[in-house]
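[1] quick check, what structure comes out for this input:
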Amino acid sequence: MVGSNGLPVSFPPPAVPLISLAAKQVHTNDTATMPEINPPPTDTKIARLILNALPNIGPVSCRRLADALGGDPVSFFRASRERLLAVKGIGPVAADTLLHWRTHFNPERELEEIAAKSIRFVTPEEEPGYPPLLREIYDPPLGLYSTSEFIWGARCIGIVGSRHFTAYGGAMARTLARELAASGWCVVSGMARGIDTAAHQGALEAGGPTVAVLGCGLDIVYPPENRELYRKISQSGAVVSEFFLGRQADKQTFPMRNRIISGMSRAVVVVESDLSGGSMITARFAAEQGRTVCAVPGRADQATSRGCHALIRDGATLVSCVDEILEELGEAPRAPVQTELDLNAKPGRASPAKGADENEQKILQCLSGGLSLGVDALSEQTGYPIPALMGMLLMMELNRLIVKNPGGLYEIRAR
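    Modelled structure (predicted):
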């Protein structure tokens, strides 16, 4: 193993027999039976790897230790027990965990597993392997496990939402992600069921990068049905996690994951959420981190819209398309297909739309005069079979000729 200074890394010998990875979180408060103090690691990256896996020590504790002892994590292991206890928020349990770290973690074994699974462990000192925006938050991860050598930039947008989603919410998440990826943005989400999955799929459809942040170790695919999605994301962008290999997801890991999604993104877009849940936690983190918070409105009578509407009432930006997100970020809008529509036209007459072919013009004629029609009505009026019509409608949405409203009806997009 080569350390961050370019020299071979040698680990201090274990002071006690090493325990299994499954026992990393076991700790005893009986200091009388504690083994002798372990020699500290000598390499910054290895120190971060160890700290990242220790129980009773987290990013906030490490921030306090860094403020008191210096920025190099190696200094945490060199401090005496008395010096550690003098740091605000560091109690006897955390101090003893640092002094006897080998009781809890085997870095050699972890590095062997990382190498065997072709996983990387990147730290804030590494550029461009560590997300630049993530360095700015108060409690950045000590390191990130990553499935690829992804080159991070600042053009990331998070899209999150409920696991219990509607067809409208899924379509919105997929469309927003597809158009953002086509515009050069990296879509970040949590690979959870529902809106997260739809967002990743939309980005992949556009051939753009997407990043999934997991709430478990990278050797665990959660949810298991997203195994193929995990593989595709790893090829397009990266699957990342701050948790050591073998760590199962739980109620603690998901909020920690959510702060990473918001921390690495310039904006977070919430698509369908109830008043409580992970998406609302992500939005709160985003606001605390100074990120832009956007929400997609939905039907007033659906539970999946309550969270988004609450965010909008509290000051989040209402968005219904990609250009509105980019405008909020001060970015130039995409170059849309220009349309010249006569909004005063009567039903049965359609104004010409540049970029629309003959079939699309026929659909626009049916929707002229401000009409909103569903798929069945459009199929009946145009004579197009529903499967073929659905493909046409999707392309017209992407070309910004029409929009699909929350009731599932299509209408001409007003410019």
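
[2] quick check: domain ranges of this structure?
    21-109, 133-328, 336-415 (automatic domain parsing).

[3] quick one: closest of those domains to residue 125.
    Nearest to residue 125 among the domains of the chain is domain 21-109; the distance by C-beta to C-beta comes to 6.6 Å. Any C-beta I mention is one placed from the backbone N, CA and C, and that applies to glycine too.

[4] average pLDDT for the closest one, rounded please.
    On average, the pLDDT along domain 21-109 is 83.

[5] just to revisit the earlier point, just the domains of the chain: most buried one?
    domain 133-328 (a mean of 21; mean count of other C-beta atoms under 10 Å).

[6] and the end-to-end length of it?
    End-to-end distance of domain 133-328 (C-alpha to C-alpha, to the nearest Å): 18 Å.

[7] look up phi and psi at residue 238.
    Backbone torsions of residue 238, given as degrees, to the nearest 10, read phi -170, psi 150.

[8] the spatially closest residue to it that is not a sequence neighbour sits in which helix or strand?
    Using C-beta to C-beta, 6 or more residues apart in numbering and skipping residues adjacent in sequence, the residue nearest residue 238 is residue 150, 3.8 Å away. Residue 150 is part of no helix or strand when elements are defined by DSSP states H and E.

[9] quick check: residue 150 touching residue 209?
    Yes: assessed by C-beta atoms under 8 Å, residue 150 is found in contact with residue 209 at 7.4 Å.

[10] name the SS class of the nearest residue to residue 272 once chain neighbours are set aside, please.
    Closest residue in space to residue 272, ignoring its immediate chain neighbours: residue 169 at 3.6 Å, by C-beta to C-beta, 6+ apart. Secondary structure, DSSP: H, G, I helix; E, B strand; the rest coil: residue 169 is helix.

[11] dump the residue contacts of residue 169.
    Contact analysis of residue 169 by C-beta atoms under 8 Å, 6 or more residues apart in numbering lists 161-162, 194-195, 198, 271-272, 296, 298, 304.

[12] so which of those residues sit within strands?
    161, 271, 296 (DSSP state E).

[13] just the pLDDT for the residue nearest to residue 238.
    The model's pLDDT for residue 150 equals 90.

[14] what do you get for residue 332?
    pLDDT at residue 332 comes out at 74.

[15] please identify the helix or strand for it.
    Applying DSSP H and E, one finds residue 332 in no helix or strand.

[16] contact partners for it?
    Residue 332 neighbours (C-beta under 8 Å, 6+ apart): residue 326.

[17] wait, doesn't residue 402 sit right on residue 394?
    No: judged on C-beta under 8 Å, residue 402 makes no contact with residue 394 at a distance of 10.0 Å.

[18] three-state assignment of residue 403?
    strand.

[19] thought it was touching residue 397?
    Yes: counting by C-beta under 8 Å, residue 403 does reach residue 397; the two are 6.8 Å apart.

[20] coming back round to it: list residues touching both of residue 150 and residue 209?
    residue 237.

[21] output the below-cut-off pLDDT ranges for the chain.
    Low-confidence segments of the chain, defined by pLDDT under 70: 1-36, 334-355, 370, 406-407, 414-415.

[22] where do the strands sit along it?
    120-122, 144-146, 156-161, 186-189, 210-213, 238-241, 267-271, 292-296, 317-318, 402-404, 410-412.

[23] can you put the ones you listed in a markdown table and add distance to residue 177?
    Output for these, formatted as a markdown table (distance: least, C-beta to C-beta, whole Å):
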| stretch | distance to residue 177 |
| --- | --- |
| strand 120-122 | 24 |
| strand 144-146 | 21 |
| strand 156-161 | 6 |
| strand 186-189 | 5 |
| strand 210-213 | 7 |
| strand 238-241 | 16 |
| strand 267-271 | 9 |
| strand 292-296 | 12 |
| strand 317-318 | 17 |
| strand 402-404 | 16 |
| strand 410-412 | 21 |
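
[24] which one of those strands lies nearest to residue 43?
    strand 120-122 (12.1 Å).

[25] list the buried ones in that closest one?
    120-122 (16 or more other C-beta atoms under 10 Å).

[26] which strands or helices does that strand pack on?
    Contact here means 3 or more C-beta pairs under 8 Å, 6 or more residues apart in numbering; DSSP states H and E; on that basis strand 120-122 packs against strand 144-146.

[27] circling back: mind putting the domains of the chain in a markdown table, distance to residue 115 included?
    As requested, the domains of the chain are arranged in a markdown table below (distance: least, C-beta to C-beta, whole Å):
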| stretch | distance to residue 115 |
| --- | --- |
| domain 21-109 | 11 |
| domain 133-328 | 11 |
| domain 336-415 | 43 |
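
[28] closest to residue 95 among the buried residues of strand 120-122?
    Among the buried residues of strand 120-122, and counting by C-beta to C-beta, the member closest to residue 95 is residue 121, at 25.2 Å.

[29] so the residue most central in space within the chain bridges to which residues?
    The centre of the chain sits closest to residue 189, judged by C-alpha atoms, centre = their mean, with a distance of 3.0 Å. When bridges are called by DSSP bridges, residue 189 pairs up with residue 212.

[30] and it, what does it touch?
    158-160, 177, 195-196, 199-200, 210-213, 261.

[31] let's see that with 6 Å instead.
    159-160, 196, 199-200 (C-beta atoms under 6 Å, 6 or more residues apart in numbering).

[32] now the two most distant members of these.
    Spanning the widest gap among these are 160 and 200, at 11.2 Å by C-beta to C-beta.

[33] the helices in the stretch 101-250 of the chain, which residues?
    Secondary structure of the stretch 101-250 of the chain (DSSP state H, counting those that start in this stretch): helices located at 107-116, 167-182, 195-205, 227-236.

[34] put the alpha carbons of the longest one into PDB.
    The C-alpha atoms that make up helix 167-182 are tabulated as PDB, following Å, rounded to 0.1, in the frame of the first residue of the first chain:
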ATOM      1  CA  ALA A 167     -46.900   7.700 -12.300                       C
ATOM      2  CA  TYR A 168     -46.800  11.500 -12.600                       C
ATOM      3  CA  GLY A 169     -44.000  11.800 -10.100                       C
ATOM      4  CA  GLY A 170     -41.900   9.100 -11.700                       C
ATOM      5  CA  ALA A 171     -42.400  10.700 -15.100                       C
ATOM      6  CA  MET A 172     -41.400  14.100 -13.800                       C
ATOM      7  CA  ALA A 173     -38.200  12.800 -12.100                       C
ATOM      8  CA  ARG A 174     -37.200  10.800 -15.100                       C
ATOM      9  CA  THR A 175     -37.800  13.800 -17.500                       C
ATOM     10  CA  LEU A 176     -36.000  16.300 -15.300                       C
ATOM     11  CA  ALA A 177     -33.000  13.900 -14.900                       C
ATOM     12  CA  ARG A 178     -32.900  13.100 -18.600                       C
ATOM     13  CA  GLU A 179     -32.900  16.800 -19.600                       C
ATOM     14  CA  LEU A 180     -30.400  17.800 -16.900                       C
ATOM     15  CA  ALA A 181     -28.000  15.000 -18.000                       C
ATOM     16  CA  ALA A 182     -28.400  16.000 -21.700                       C
END
